[in-house]
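Chemist: Turn this into a model:
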Amino acid sequence: MNVFQRVFSNWPGGLPHRGVVVTTLNEQIPFSDFRAGDDAVYLVRTTPDAIGGRSVILPWESIAALKFVDEVRSKVCAELGFEKEK
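Modeler: Residues are numbered from 1 along each chain as shown. From the prediction side, this is the model:
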């Protein structure tokens with residue numbers, strides 16, 4: 001399981017299901033909802049893309065970064081598996 005699959009699969013309940021995925025081709029995909037699968041993530045786009053696409057299925061290995069558009073508090077970071085260095 002890669003880091004993005006782990007984050008999407010364990011998304012904290014208090015954090016809205018929205019953000020921006022950056023692909024390995026440097027495409028930025030704003031999303032307003034998602035569903036995590038074994039091999040890929042299903043993203044619902046915030047607005048349709050240039051050719052009208054409203055959703056996309058993206059393989060985990062195609063994700064380069066995940067941007068949060070809402071404030072992520074320390075507790076949420078811990079729920080996602082990221083701990084403050086001691």
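Chemist: okay, CA-based contacts and neighbour counts for the rest of this
Modeler: Noted.
Chemist: which stretches of the protein form strands?
Modeler: Under the criterion DSSP state E, the chain contains strands at 19-23, 28-36, 40-45, 55-59, 63-67.
Chemist: export the ones you listed to a markdown table and tack on distance to residue 74, mean neighbour count and mean pLDDT?
Modeler: Formatted as a markdown table, these follow (distance: least, Cα to Cα, whole Å; neighbours: other Cα atoms under 10 Å; pLDDT from 0 to 100):
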| stretch | distance to residue 74 | mean neighbour count | mean pLDDT |
| --- | --- | --- | --- |
| strand 19-23 | 18 | 19 | 98 |
| strand 28-36 | 22 | 18 | 97 |
| strand 40-45 | 25 | 20 | 98 |
| strand 55-59 | 28 | 16 | 98 |
| strand 63-67 | 16 | 16 | 97 |
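Chemist: Columns distance to residue 75 on top of the ones you listed, output as CSV?
Modeler: As requested, the strands of the chain are arranged in CSV below (distance: least, Cα to Cα, whole Å):
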stretch, distance to residue 75
strand 19-23, 18
strand 28-36, 21
strand 40-45, 24
strand 55-59, 28
strand 63-67, 17
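Chemist: So for residue 8, which of these sits nearest?
Modeler: Taking Cα to Cα, strand 28-36 is the member of these nearest to residue 8, at 6.0 Å.
Chemist: That closest one - contacts with which helices or strands?
Modeler: helix 3-9, strand 19-23, strand 40-45 (3 or more Cα pairs under 8 Å, 6 or more residues apart in numbering; DSSP states H and E).
Chemist: repeat that for 10 Å
Modeler: The contact analysis (3 or more Cα pairs under 10 Å, 6 or more residues apart in numbering; DSSP states H and E) places strand 28-36 against helix 3-9, strand 19-23, strand 40-45, strand 55-59, strand 63-67.
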